[in-house]
Structure formats: structure tokens, C-alpha cells
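Student: Below is the structure, and that's it, no one-letter string:
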């Protein structure tokens with residue numbers, strides 16, 4: 001099972017990191033204004049968002065997971081049950097949307113994306129990680145086992161290493177680095193923000209389950225970042241989106257900065273904070289940055305976060321310590 005102890009040596013490079021628990025406000029997608037219920041059109045018959053591609057409407061599973069995490073955050077901030085109800089509708093749609101293959105759940109894109117060589121149904125590590133975060137947070141909010149069981153199934157997709165069999169979103173390259181791929185192709189691009197988003201999903205799952213397999217994947221995926229991060233930096237310029245296409249992108253450069261700061265806090269490795277500062281000096285982030293946590297200071301790290309406890313709306317906890325952690 002996904003939470004079982006893994007005893008064999010992994011087939012990828014790995015290092016040991018000093019993993020810390022980050023409080024809820026320090027996790028991604030917690031700095032957004034509460035969204036209205038229901039959300040904007042287009043949406044389906046139960047108000048779950050849909051997206052137009054050409055002349056048809058589709059579900060985008062990664063966007064649903066992000067929307068769901070924003071709904072959870074709004075519920076925790078306001079206590080508005082309608083926000084949580086909307087998140088639960090989206091979770092139900094993701095369950096129905098998932099494909100079960102290789103003893104794991106895969107969240108498909110059911111439309112072609114030819115610029116990246118993807119034909120429906122296709123999958124990516126970023127979406128798997130976002131959905132993993134979403135189901136894990138729903139479990140923490142509701143205490144219901146069904147959401148953790150869904151998280152177990154999504155987590156299992158990261159254990160099905162490619163590229164020999166499909167589907168896959170994780171693979172080990174010829175230098176024994178573990179990559180979590182945005183576009184699973186014969187020549188993957190190693191998209192940095194997607195690899196990091198997938199790491200954060202595995203991290204949130206590890207926070208709640210303390211899965212030995214999740215920790216092993218974290219150690220491997222973060223080792224890959226540590227050894228390859230200088231390849232993304234362009235001193236005095238914008239960091240690269242991916243290593244094959246080598247395209248600099250201002251939007252993703254700014255995302256890389258907050259992602260590396262968060263990676264430093266959860267892994268206990270100051271190297272990532274140092275590299276985040278160098279990227280920030282190369283090009284200062286401007287304006288709003290998608291996904292950046294609500295709180296991003298060192299004070300959000302500590303055992304008082306108690307990740308095994310359910311999350312509750314501000315002011316509704318009978319435990320003053322837990323309420324204080326929510327206000328951090």
C-alpha cells in the first residue's frame with residue numbers, strides 16, 4: 001500500500017533532509033481572496049468549473065484542485081460552509097474523473113495539447129501533486145477517511161516509475177535523478193515549477209501519513225533539485241522554465257522564487273533559500289504571484305502545527321494552541 005514501509009534501496013539518487021512541519025498558512029494557495037459561490041461560468045450542472053477548449057467544455061483537474069484549495073482556505077478564514085461544500089463537489093468530480101491504471105489514480109486531460117506533444121488522455125506530475133494536496137487538505141478539514149483514501153490512490157501514481165510503461169509522471173534518468181514531469185515525453189523538459197508543485201503535494205501527504213515511501217520520494221525529488229538547480233538560473237536574467245526548451249518565462253521565474261523559499265523551509269536546507277535570493281536579485285518579482293503561501297516567514301515552522309489534527313475555521317477550535325497556530 002502507499003503508506004507501507006519501503007525497505008529496499010531506491011533506484012534514484014537520494015539525500016537526507018531535515019523535514020519540518022509547515023503550518024497551514026505556510027502552504028501554497030492560501031493567500032487568495034475568498035471566491036464567490038458558485039464561481040463564474042462555464043460550469044457544469046452542480047457548479048463545478050469547466051474550461052472551453054475550442055468549441056467544447058472540459059474539466060481541468062489541476063485547476064479544479066487549485067480552486068478547491070482556495071475554497072478550503074476561504075472556509076478556514078470565514079467559516080462559510082458554502083465554500084467547503086463547493087470544495088467537496090469538486091472533489092467528487094475529481095474522483096469520478098480519475099482513471100484507475102497500474103493500481104493508481106490518474107487525473108486526465110481529455111483534450112489534445114499539441115504544442116507539448118500531448119494527446120488525450122494525458123497526465124502530468126504537477127496535476128497529480130495538486131490533486132494530492134487537495135485531497136489531503138480535505139481529509140484534514142473533514143476528518144473523513146474517504147479523502148485520505150483518494151489521496152492514497154493519487155500518491156501511488158508517483159511510485160509507478162516510467163518510462164517503460166504508461167501512464168507515468170515520474171521517472172529516473174540515466175544519471176539516476178528522479179524527475180516529476182509536467183509533460184511525460186521521450187525527451188522530457190524537466191519543468192521546474194511542475195516538479196516543485198509535485199514535491200509539495202507529496203510533502204503534504206507525508207505530513208499527514210508519515211509514509212516512508214513518501215519520504216523516500218521527497219528525498220529523491222529534492223536531491224534532483226539541489227543537484228540541477230544551477231542549470232535553471234541565468235545570472236542577471238530570467239530563470240528557465242524547462243531544461244530542454246530552455247525558455248525563460250517571467251511569470252514562472254517569480255513562482256520559482258517562492259517555491260524555493262518554501263522548499264528551504266520544509267526541507268531544512270538553506271541552499272534553496274540562498275538560490276531563491278539569487279533568482280530574486282536576477283529579476284525582482286513584481287505584482288501578485290500565483291500560489292505563494294499566505295505566510296512565508298520562519299515562524300510558520302514548528303511542532304505546534306500538528307499536521308495530524310483536522311483543520312478548523314478560525315475561532316472555532318476549542319484548543320487554544322491549535323487556534324493560535326492557525327493565526328500564525
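Tutor: Noted; the coordinates are in hand. This is a predicted model, so every value here is computed, not measured.
Student: Correct me if wrong: residue 64 contacts residue 93.
Tutor: Yes: using Cβ atoms under 8 Å, residue 64 is in contact with residue 93, at 6.7 Å. Any C-beta I mention is one placed from the backbone N, CA and C, and that applies to glycine too.
Student: Low-confidence ranges, the chain, go.
Tutor: 1-7, 296-304, 308, 315-328 (pLDDT under 70).
Student: please redo it, this time with the cut-off set to 90
Tutor: 1-9, 23-25, 31-36, 38-40, 77, 114-117, 163-165, 284-290, 294-328 (pLDDT under 90).
Student: What segments of it are helices?
Tutor: For the chain, the helices defined by DSSP state H cover 61-78, 81-97, 125-142, 145-155, 192-209, 212-228, 250-267, 270-282, 320-327.
Student: Can I get those in JSON lines including distance to residue 12 and mean neighbour count?
Tutor: Below are those laid out as JSON lines (distance: least, Cβ to Cβ, whole Å; neighbours: other Cβ atoms under 10 Å):
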{"stretch": "helix 61-78", "distance to residue 12": "24", "mean neighbour count": "23"}
{"stretch": "helix 81-97", "distance to residue 12": "28", "mean neighbour count": "19"}
{"stretch": "helix 125-142", "distance to residue 12": "14", "mean neighbour count": "27"}
{"stretch": "helix 145-155", "distance to residue 12": "17", "mean neighbour count": "20"}
{"stretch": "helix 192-209", "distance to residue 12": "13", "mean neighbour count": "25"}
{"stretch": "helix 212-228", "distance to residue 12": "4", "mean neighbour count": "21"}
{"stretch": "helix 250-267", "distance to residue 12": "16", "mean neighbour count": "22"}
{"stretch": "helix 270-282", "distance to residue 12": "19", "mean neighbour count": "17"}
{"stretch": "helix 320-327", "distance to residue 12": "34", "mean neighbour count": "14"}
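Student: Throw the ones you listed into a markdown table and include distance to residue 306, thanks.
Tutor: Rendered in a markdown table, the data for the helices of the chain read as follows (distance: least, Cβ to Cβ, whole Å):
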| stretch | distance to residue 306 |
| --- | --- |
| helix 61-78 | 15 |
| helix 81-97 | 20 |
| helix 125-142 | 10 |
| helix 145-155 | 16 |
| helix 192-209 | 10 |
| helix 212-228 | 18 |
| helix 250-267 | 16 |
| helix 270-282 | 25 |
| helix 320-327 | 7 |
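Student: quick one: which of those helices is nearest residue 172?
Tutor: helix 212-228 (8.4 Å; Cβ to Cβ).
Student: Give me the helices and strands touching the closest one, please.
Tutor: strand 178-180, helix 192-209, helix 250-267, helix 270-282 (3 or more Cβ pairs under 8 Å, 6 or more residues apart in numbering; DSSP states H and E).
Student: For residue 293, which of the ones you listed is the nearest?
Tutor: Residue 293 lies closest to helix 250-267 among the helices and strands packed on helix 212-228, at 6.4 Å (Cβ to Cβ).
Student: Helix 192-209 and the closest one, what's the angle between them?
Tutor: 30 degrees (axes from the mean of the first three to the mean of the last three Cα atoms, to 10 degrees).
Student: what helices or strands is helix 250-267 leaning on?
Tutor: Checking 3+ Cβ pairs under 8 Å, 6+ apart, helix 250-267 ends up next to helix 192-209, helix 212-228, helix 270-282.
Student: Just send those back as TSV, with distance to residue 176 too.
Tutor: TSV is the format used below for these (distance: least, Cβ to Cβ, whole Å):
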stretch	distance to residue 176
helix 192-209	16
helix 212-228	9
helix 270-282	20
